[in-house]
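K.L.:
I'd like to go over a predicted model; first the sequence, then the structure.
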Amino acid sequence: TQSTRPQRMLAAVQKNATRGDPRSVVKAIDQFCRQKEWAMNVGDEKGCILDSVVSEVNPATVLELGTYCGYSTVRIASLLPPHAKLITLEFNPDNAVIARQVIAWAGLEDKIQLVEGASGDWIPKMKEEFGVKTFDLVFLDHWKDRYLPDTKLMEECGLLRKGSILLADNVICPGTPDYLEYVRNSPRYKSQYFKSHLEYTKVEDGLEKSVFLG
Ligand SMILES: CNc1ncnc2c1ncn2[C@@H]1O[C@H](/C=C/CNC(=O)c2cc(-c3ccc(F)cc3)cc(O)c2O)[C@@H](O)[C@H]1O
Ligand SMILES: [Mg+2]
């Protein structure tokens, strides 16, 4: 039976990366996507911007919306201080199966909680289910038309505090126009655009970093 792209990506990790070495997992996926098959990971170029924001924020609690195969999950978790926690939401069970194995290969299971389900269902339950008060950093990389509704939901559920950082992928390509308009014009956010390129291509894309002002 035909394999899927996530399955082939996982095979590339298991073949080329060293168990317990997150950077080698990231490198193996980037090589697979450059040399074999494009895939919608945040990638190495935008990944460096992601790394610098994570290092600057030094978050104790991180929420990722849209795990996919776990590339950015591993990238973020590899930079977290001890005892920091990353919760990542993924509603496609096939992708979740792959992501769990990528996370395990990187040896980051202790820092990452992959929750299977939809962001809209889980955001309202974060406090009661996971004992999370607020998130220091949220990485948005799921369906692009869900960035805005989920951001409003996080506000309503009190999951953002003064200084919480939202970092959104793909604000140019495929684009998240309603989200961009909101964070750039709302008095409750201070927003900044980091120009880059769509993963593994020369097409323009970028990350939007938005500080919640409370
Ligand atoms: C809505 N709530 C949700 N809750 C939980 N998981 C959710 C989810 N929405 C989507 N997901 C999951 O996130 C992942 C979806 C990510 C969507 N990303 C994109 O569409 C995307 C697409 C591109 C892209 C860019 C150019 C192009 F020509 C083709 C594709 C580039 C990217 O970097 C992207 O992130 C899947 O694993 C999906 O199952
Ligand atoms: Mg993306």
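P.N.:
Everything's here; your move. Ligands and ions are numbered 1, 2, ... in the order given.
K.L.:
And the pLDDT for whichever residue of the chain sits closest to ligand 1?
P.N.:
For the chain, the residue closest to ligand 1 is Gly66, as judged by Cβ to the nearest ligand atom, at 3.0 Å. Placement of C-beta: from N, CA and C, glycine included. As summarised for this prediction, Gly66 has a pLDDT of 99.
K.L.:
Now do the contacts for Gly163.
P.N.:
136, 211-212, 214 (Cβ atoms under 8 Å, 6 or more residues apart in numbering).
K.L.:
low-confidence ranges in the protein?
P.N.:
Scanning the chain for pLDDT under 70 picks out nothing.
K.L.:
repeat that with 90
P.N.:
Filtered on pLDDT under 90, the chain yields the residue ranges 1.
K.L.:
how about the strands in this protein?
P.N.:
Using DSSP state E, the strands of the chain run over residues 61-65, 85-90, 112-116, 137-140, 165-168, 189-197, 204-212.
K.L.:
Looking at those strands, spot the one closest to Glu155.
P.N.:
Proximity to Glu155, assessed across the strands of the chain by Cβ to Cβ, is greatest for strand 204-212 (7.8 Å).
K.L.:
Report the distance from the closest one to the chain centre.
P.N.:
Relative to its parent chain, strand 204-212 has a centroid offset of 13 Å by Cα atoms, centre = their mean, to the nearest Å.
K.L.:
For the contacts of Gly163, which single residue is the most surrounded?
P.N.:
Among these, Phe212 has the most neighbours (other Cβ atoms under 10 Å), with 23 neighbours.
K.L.:
Verify the stated contact: that one with Leu160.
P.N.:
Yes. Counting by Cβ atoms under 8 Å, Leu160 is a contact partner of Phe212 at 4.4 Å.
K.L.:
for ligand 1, what are the nearby residues on the protein?
P.N.:
With Cβ under 6 Å from any ligand atom as the criterion, the chain meets ligand 1 at residues 40, 66, 68, 89-92, 95, 118-120, 141-143, 146, 169-170, 173-174, 198-199.
K.L.:
Next up, the contacts around the residue in the chain sticking out farthest from the centre.
P.N.:
Within the chain, Thr1 marks the point farthest from the mean C-alpha position, 30.5 Å out by Cα atoms, centre = their mean. Residues counted as contacts of Thr1 (Cβ under 8 Å, 6+ apart): none.
K.L.:
Flag every residue of this protein that's near ligand 2.
P.N.:
With Cβ under 5 Å from the ion as the criterion, the chain comes near ligand 2 at residues 141, 169-170.
K.L.:
now Ala12: how far from Ala118?
P.N.:
In this view, Ala12 and Ala118 are 29 Å apart by Cβ to Cβ, to the nearest Å.
K.L.:
An error on my part: the question was meant for Ala84.
P.N.:
Distance, Ala84 to Ala118, using Cβ to Cβ: 25 Å.
K.L.:
So which of the two has more stuff around it?
P.N.:
Ala84 (18 against 15).
K.L.:
Now do the contacts for that one.
P.N.:
Shown in contact with Ala84 (Cβ under 8 Å, 6+ apart): 59-62, 111.
K.L.:
same question, Val211
P.N.:
Val211 is in contact with 163-165, 189-191, counting by Cβ under 8 Å, 6+ apart.
K.L.:
So which residues of this structure form helices?
P.N.:
Assigned by DSSP state H, the helices in the chain fall at 5-16, 22-35, 43-57, 71-77, 93-106, 119-122, 126-130, 147-156, 177-185.
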